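Asks: compute the structure for the input listed below.
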Amino acid sequence: MKEQINKIIELAKEIHANVEIQEFRVGQDRSSYLDANRDLYDDIKENIDDLEFPVDYVNILRDECSYNGSSTIGDIIDNLHKYSTIDSDIEDVFSNANLSVFKQEEKSNEEEIDYKEIPLSELEEKTPELYKSLIEVLDTITDEDFDVRNDGSVLFDCDYPDEVVDNNTYEALAYWTIYWNPNYEDAEIAQFVGLTAFKFRDEFYLALGGCGMDLSPKLDAYIALTVGVIPSDSEFFRQSDYFKSVVSEKVYDRIIKECKRDSKRYVITFEE
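Replies: Numbers count the residues shown, from 1 in each chain. The predicted model follows:
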């Protein structure tokens, strides 16, 4: 089969046909997946009650900040919503843990150590594996478990969590007056690639700006990870280094992984 393909390619080149080798799943140009840009800012300002953000605010802070090392495990538990089950998950982490390393000199050997009194920084320093297990639980916390706007500084190393949330939602829309209607809705992927997802009058939008800088690779990344193909007019093909610098290496690597073809695809076209 490989020899036959090579013969066809050589024949195509002899008659001056265009031969394109595609190693990635390529779709149509970007406009095929995104409706024309719209300027909604004035309408949004006048009808702010029709605006909502389908994102998890805890995740916004998680992306921006590290966990607060000075908070104790008990501090975090005390600020969980009453119906949250995270406290029982944390208890499971420490159910059979050996905490003798935290015993203070003034305490007797018989005195039990309360894990809720341990600061996260001390837990990380003295028992890294136990700390890792706790972080796995903390990484599952969502808005349903925690009031991040009011209590976010307990969980995260952030003095003004409400400002961080606003900057990634309401304030972001003030800076960016061009919005896009994607064919596919996924707020988590939008957040992952650096876009602000929002709903206005129940319609899903993506906000993209740049202050004169071309950040369209973020839109292409969104399409690639929701649709499974990379737009044919994407900078991914023309300036891969620039594309990577805009979307981040983590996003770029995921696109490579999810949009790579199992085998090369050859596209032969003829000029009229």
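Asks: do you know how far the nearest residue to residue 50 once chain neighbours are set aside is from residue 90?
Replies: With CB to CB, 6 or more residues apart in numbering as the criterion, residue 50 has its nearest non-adjacent residue at 4.8 Å, and that residue is residue 201. For the C-beta atoms, the positions are set from N, CA and C on the backbone; glycine is no exception. According to CB to CB, to the nearest Å, residue 201 and residue 90 sit 40 Å apart.
Asks: just residue 24 next, same as before
Replies: 43 Å.
Asks: cool, residue 152 as well?
Replies: Separation of residue 152 from residue 90 (CB to CB): 18 Å.
Asks: also residue 70?
Replies: Taking CB to CB, one finds residue 70 at 18 Å from residue 90.
Asks: higher neighbour count, those two?
Replies: residue 90 (21 against 11; other CB atoms under 10 Å).
Asks: that one against residue 137, yeah?
Replies: Yes. Between residue 90 and residue 137 there is a contact under CB atoms under 8 Å: 5.6 Å.
Asks: which of the helices or strands spans residue 261?
Replies: If you go by DSSP states H and E, residue 261 is part of strand 260-269.
Asks: what mean pLDDT does that strand have?
Replies: Mean per-residue pLDDT for strand 260-269: 68.
Asks: kindly report the same for stretch 50-68.
Replies: Stretch 50-68 shows a mean pLDDT of 92.
Asks: may I see the buried residues of that stretch?
Replies: Residues of stretch 50-68 classed as buried by neighbour count (16 or more other CB atoms under 10 Å): 51, 53, 55-62, 65, 67-68.
Asks: can you add secondary structure and distance to residue 233 and give these back as CSV?
Replies: CSV is the format used below for these (DSSP: H, G, I helix; E, B strand; the rest coil; distance: CB to CB, whole Å):
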residue, secondary structure, distance to residue 233
51, strand, 31
53, coil, 29
55, coil, 28
56, coil, 32
57, helix, 34
58, helix, 36
59, helix, 31
60, helix, 30
61, helix, 35
62, helix, 33
65, coil, 36
67, strand, 41
68, coil, 44
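Asks: now what about stretch 124-139, what contacts it?
Replies: Taking contacts as CB atoms under 8 Å, 6 or more residues apart in numbering, the residues outside stretch 124-139 that touch it are 62, 67, 69, 73, 76, 86, 89-90, 93-94, 97, 99, 101-102, 120, 123, 155.
Asks: now do the closest residue to residue 101 other than its chain neighbours against residue 137, distance only.
Replies: Nearest residue to residue 101, sequence neighbours excluded (CB to CB, 6+ apart): residue 126, at 4.9 Å. With distances taken as CB to CB, residue 126 is found 18 Å from residue 137.
Asks: and after the strand or helix carrying residue 223, which helix or strand comes next?
Replies: Per DSSP H and E, residue 223 falls inside helix 216-227. Next along the chain after helix 216-227, taking DSSP H and E as the criterion, comes helix 235-238.
Asks: break the chain down into its domains, please.
Replies: The chain breaks down by automatic domain parsing into domains covering 2-55+169-269, 73-159.
Asks: worst mean pLDDT among the ones you listed?
Replies: Ranked by mean pLDDT, the domains of the chain bottom out at domain 2-55+169-269, with a mean of 84.
Asks: check which helix or strand residue 174 maps to.
Replies: helix 170-175.
Asks: ranges for the helices of the stretch 101-250 of the chain?
Replies: Ranges of helices in the stretch 101-250 of the chain, per DSSP state H, counting those that start in this stretch, are 120-126, 128-138, 148-155, 161-167, 170-175, 187-193, 216-227, 235-238, 240-247, 249-259.
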